[in-house]
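1. any chance you could fold what I've pasted below:
(2 chains)
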Amino acid sequence: MYAYLLSILIWLPIVAGVVVLLLGERQLAAGRWLSLLAAIATLALSVPLLADFNTQTAAYQFIEKAAWIPRFNAFYALGVDGISLPLVVLTALMTIPVIIAAWTVVKTRAAQYFAAFLIMEGLMIGVFCATDALLFYFFWEAMLIPMFLIIGIWGGPRRVYATIKFFLYTFLGSVFMLAALIYMYVKAGSYSIAAFQALPLTLVEQRWIFAAFMLAFAVKVPMWPVHTWLPDAHVEAPTGGSVILAAIMLKMGGYGFLRFSLPITPDACRELNLFVITLSLIAVIYIGFVAIVQADMKKLIAYSSIAHMGFVTLGAFVVYEIVRTTGQLQGAAMGMDGAMVQMVSHGLISGALFLCVGVLYDRVHSREISAYGGVINTMPVFAAFMVMFALANTGVPGTSGFVGEFLVILASFKASFWYSTLAAVTLVLGACYTLWLVKRVLYGPVANDHVAHLTDLNGREFIVLGMLAVLVLAIGIWPEPLLRIMEPSIHHLVTQAVASKIPL
Amino acid sequence: MNAIWHGMIPAMPEIYLGFAICAVLLFEAFVGVKRPGATSTLTLLVLAVGAALTVRYADIGHQAVLFNGMYVTDPLAFVLKLAGFLFVAVALLYSRMYLENRDILRGEYYVLALTALLGIFVLISANSLLTVYLGVELLALSLYAMVAFDRESGVAAEAAMKYFVLGAIASGTLLYGMSIVYGLTGTLDLGVIATKLNTPGSLGVILGLAFIVVAVAFKFGVVPFHMWLPDVYEGAPTSVTLFVGTAPKIAYFALTLRLLAHGLAGTSADWTLMLTPLAVLTLIVGNVVAIVQSNLKRMLAYSTISHVGFIVLGFIAGTPSGYSAALYYTLVYVLVALGAFGVILLASRKGFEADKLDHYKGLYQRDPLLALVMMVLMFSLAGVPPFVGFWAKLRIIQALWETSHLGLVIIALVMSVVGAFYYLRVVKLVYFDAPPENLPATLRPLGPRLVIGVNAAAVLVLGVLPSPLLALCSSLIH
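-> Numbers count the residues shown, from 1 in each chain, chains lettered A, B, ... in the order given. Below is the predicted model:
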């Protein structure tokens, strides 16, 4: 019935993007509406995906398979499981606010702006849907091009430095992943991810492949110490670029760990889990401190993203410690559940926070915290939203931010008291940097003329932030449906991750 | 008589081209001088007819050795010759306005292009050391003359001189190496040499190989025999740079394949050992030095060098998979290079050479089509999907993995990241920067612009659906 649903989700935005590009700046109005329509249609098409998703099985669903490069045994193979489905929907969802937020704000080459984001959307959905490693890599790399252009064309003053740094960092990480994928292809004779997961590998091979994956995914997540591209990219990117970067692109690193590292190199992961856990905890704590001292709102949220993504990698890799200390798979699944919820939740919250900064930036053209103060006096509705998202960012119960962090902390408690204690420091640090940001920007007396002349949210901005606020609360209050979608796949993943693949 | 003629039919492309060159020369002498540009049109016609004849007569589907073992034709030769017709035609199409604007639109240019093409064909079908040498010289002499074609230009004359002197030395080493191989085997026939020469490691073989490898490396522009390449690329009129940088690469691929990979297959252990350090150096020097260039032609010259490094890696793998990877890489590279130099040609004007990188600042605002083409080509050169350059790199890496060359894989990958930097810089100039004042407008002839658009589209389409070309390249190499 839904034979080509995933293909449509991938290609509809791309084709629409090309059409918008062809319409050009002269038919901007038409292009704008077409972009919005395409983005909404993509989201609408992902509804049957959610509705008819079978939550009883870990197998790929809505699968498609067509010959792509018969000589390499590479297929145009698509499918979603409980791990990729939430991310696909998240991608379809987050493109809409990006387009609405840019509606009249982007002045130069606006048609290209919309086109770039639509093409990005298709490529990103492709990354999450590909079940063939070559196809995955194809989308994974192709995605860099629109993002490179988005930061470079519509970015801030240091955009060129930021975008080239972004591209080269991620490119460097990815080429080694490519080497690993080709290596496994030569051994397995196929590029199917399932074949890679089933391929027996010696510990030495696994270590190398793990290292290659680590490089690719750690840069994307980003993990300390390869995170330095992110603050630059975020600060210089236009609002939409920051939203997509934080909400979706960072998730690809986490997705990569879950889809590639853990099931393909389980023994290497078991051996090196402390390494990843240490890096994650450094990200959570050290980057948390770094976030506190930022003077630039976007930079602060960027560092907060790194800290929050530390929970994703922590939740994924703490599995081994849990199994080692308790021998239970159930507890291990909780860590991964937490990692997944954290990804979805962080996608919504960080996206919303970047949109909030965008709202202010559009009015005052400054991202400096010191340029604001007492915004609540002139923009009460906006302030309400921003406070809500800030609280979600600190992980207040009732918001989605709580669920992910709580699950990960709870799971890591089973592994070790210290992991959970250190991870829980984030609750303090997160509150520090987020609430202090809110205090300095929103509260206090009206700081200057700019702030005094601010106008509150317009309808367009209200819709965008309102939509995200509802979702953040919904997941926070009732995460059960999300967890149910993921459950069989997570369970399957945990069994894969703890089983040895070393040939006897 | 009839039987002899019948046996010669597979050599139709060369025979036809030989006659066509005479015809074009005569046409130029009687008609072309009065009507500049007529020869240009005729040449394109000649190439089209040549391609048609090649399809009709040279597609024999199996290997055939002609002229007492001097000449070989097989499906590979057929495809390469068709590619030669196509690439030369596109190159000439891009060049016409450029030549016109510099008052060097003369028939001799086209005759030289055709003799160069004949040289390419001879190399493609060479089955004897003599034929190899004949092809190498025919091609090289045509190219020397083309580089010096603009007699008003001192830089071009200097470049041609350098090219000629260094090229002559390379030809000398090639001959010397061949003479040693002949001395060892007593035959010029590559097929016989392949069966006789299978004692790797012996002193005579190493000596002969060393000279041949040097000559091949020179032709390809492999470091440290690359010195001529940036100077020629920069000094020659851009239309000639376009020519030198594209179709001849097919011939050098064929040269390496027929001479080293087939004729001297028995000694592959030796020549891969010689080529390996050269390839590594080529990758490093090409990519690193390209970063500091401010002249686009020179940057593309170093980029060529780095891509040659990849092609050589395919030969180092030493398997049919590696050779077909090298073939694929060569075809893809030529396709992309055609477009890149084509953009330079279309961005230049009468009295203005758009060869500095700074001339491309804000190209997007001056000419969106050329900007888009440039971006596609640069990302393809950098090896980023969805463009075809990605698959070329992938094939080479795959061939290297199949033969467990871990070190080379890592070097190739790291260097492709280094290379990405300067390609990105071009995209940055084109899209992110504001155009400087007082740059002349780009050329807007319909035909070449259409072709360059198709050229870029081909880079994308072959990147999204790479299967047919990959399968073709694999089927051509056994």
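
2. OK, contacts around the spatially most central residue of chain B?
-> Chain B has residue B:249 as the residue nearest its centroid, 2.0 Å off, counting by Cα atoms, centre = their mean. Each residue near residue B:249 by Cβ atoms under 8 Å, 6 or more residues apart in numbering or on different chains is listed here: B:220, B:330, B:333, B:334, B:337. C-beta: built from backbone N, CA, C; applies to glycine.

3. can you put these in CSV and add neighbour count and secondary structure?
-> Formatted as CSV, the contacts of residue B:249 follow (neighbours: other Cβ atoms under 10 Å in any protein chain shown; DSSP: H, G, I helix; E, B strand; the rest coil):
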residue, neighbour count, secondary structure
B:220, 26, helix
B:330, 28, helix
B:333, 26, helix
B:334, 23, helix
B:337, 24, helix
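
4. can I get those in a markdown table with pLDDT?
-> Supplementary listing: the contacts of residue B:249 in a markdown table, determined by pLDDT from 0 to 100:
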| residue | pLDDT |
| --- | --- |
| B:220 | 90 |
| B:330 | 95 |
| B:333 | 95 |
| B:334 | 95 |
| B:337 | 94 |
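
5. closest one of the residues you listed to residue A:374?
-> Checking the contacts of residue B:249 against residue A:374 by Cβ to Cβ gives residue B:337 as the nearest, at 59.8 Å.

6. so residue B:90, which of the three states?
-> What DSSP: H, G, I helix; E, B strand; the rest coil gives for residue B:90 is helix.

7. what is the neighbour count of it?
-> Residue B:90: 25 surrounding residues under other Cβ atoms under 10 Å in any protein chain shown.

8. all strands for the stretch 1-150 of chain A, in order.
-> A:61-69, A:74-80 (DSSP state E, counting those that start in this stretch).

9. point out the most buried one among those.
-> strand A:74-80 (a mean of 22; mean count of other Cβ atoms under 10 Å in any protein chain shown).

10. packing partners for that one?
-> In this structure, strand A:74-80 packs against helix A:5-23, strand A:61-69, helix A:110-129, helix A:133-142, with contacts taken as 3 or more Cβ pairs under 8 Å, 6 or more residues apart in numbering or on different chains; DSSP states H and E.

11. CSV for the ones you listed, including distance to residue A:207 and mean pLDDT?
-> Formatted as CSV, the helices and strands packed on strand A:74-80 follow (distance: least, Cβ to Cβ, whole Å; pLDDT from 0 to 100):
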stretch, distance to residue A:207, mean pLDDT
helix A:5-23, 34, 91
strand A:61-69, 29, 88
helix A:110-129, 25, 92
helix A:133-142, 19, 93
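
12. which residues of the stretch 351-478 of chain B lie near chain A?
-> Within the stretch 351-478 of chain B, the positions adjacent to chain A are B:379, B:384-386, B:390, B:394, B:397-398, B:401-402, B:409-410, B:413-414, B:416-417, B:420-421, B:424-425, B:427-428, B:431-432, B:466-467, B:470-471, B:474 by Cβ under 8 Å from any Cβ of the partner chain.

13. residues contacting residue 136?
-> In the absence of a named chain, this looks at chain A. A:127, A:130, A:193.

14. not quite, I wanted chain B
-> The contact partners of residue B:136, taken as Cβ under 8 Å, 6+ apart, are B:119, B:123, B:171, B:174, B:215, B:219, B:255.

15. quick one: closest of the helices and strands packed on strand A:74-80 to residue A:229.
-> Checked against Cβ to Cβ, the stretch from those lying closest is helix A:133-142, at 16.0 Å.

16. for residue A:255, grab the count of nearby residues.
-> By other Cβ under 10 Å, 23 other residues sit near residue A:255.

17. whoops, residue A:298 was the one
-> Neighbour tally, residue A:298, other Cβ under 10 Å: 23.

18. and the gap between the residue nearest to residue B:182 when sequence neighbours are not counted and residue A:15?
-> Among residues not flanking residue B:182 along the chain, residue B:188 sits closest, at 6.1 Å (Cβ to Cβ, 6 or more residues apart in numbering or on different chains). Here residue B:188 is placed at a distance of 58 Å from residue A:15 (Cβ to Cβ, to the nearest Å).

19. which residues are in contact with the residue in the stretch 251-400 of chain A that chain B sits nearest to?
-> With Cβ to the nearest Cβ as the measure, residue A:252 is the residue of the stretch 251-400 of chain A nearest to chain B, at 15.1 Å. Contacts here follow Cβ under 8 Å, 6+ apart; on that basis residue A:252 touches A:124, A:127, A:128, A:140, A:217, A:220.

20. hmm, which two among these are most spread apart?
-> A:124 and A:217 (15.4 Å).

21. so the two - more neighbours on which side?
-> residue A:124 (31 against 25).

22. and that one, how far from residue A:41?
-> Looking at residue A:124 against residue A:41, where the rule is Cβ to Cβ, the gap reads 16 Å.
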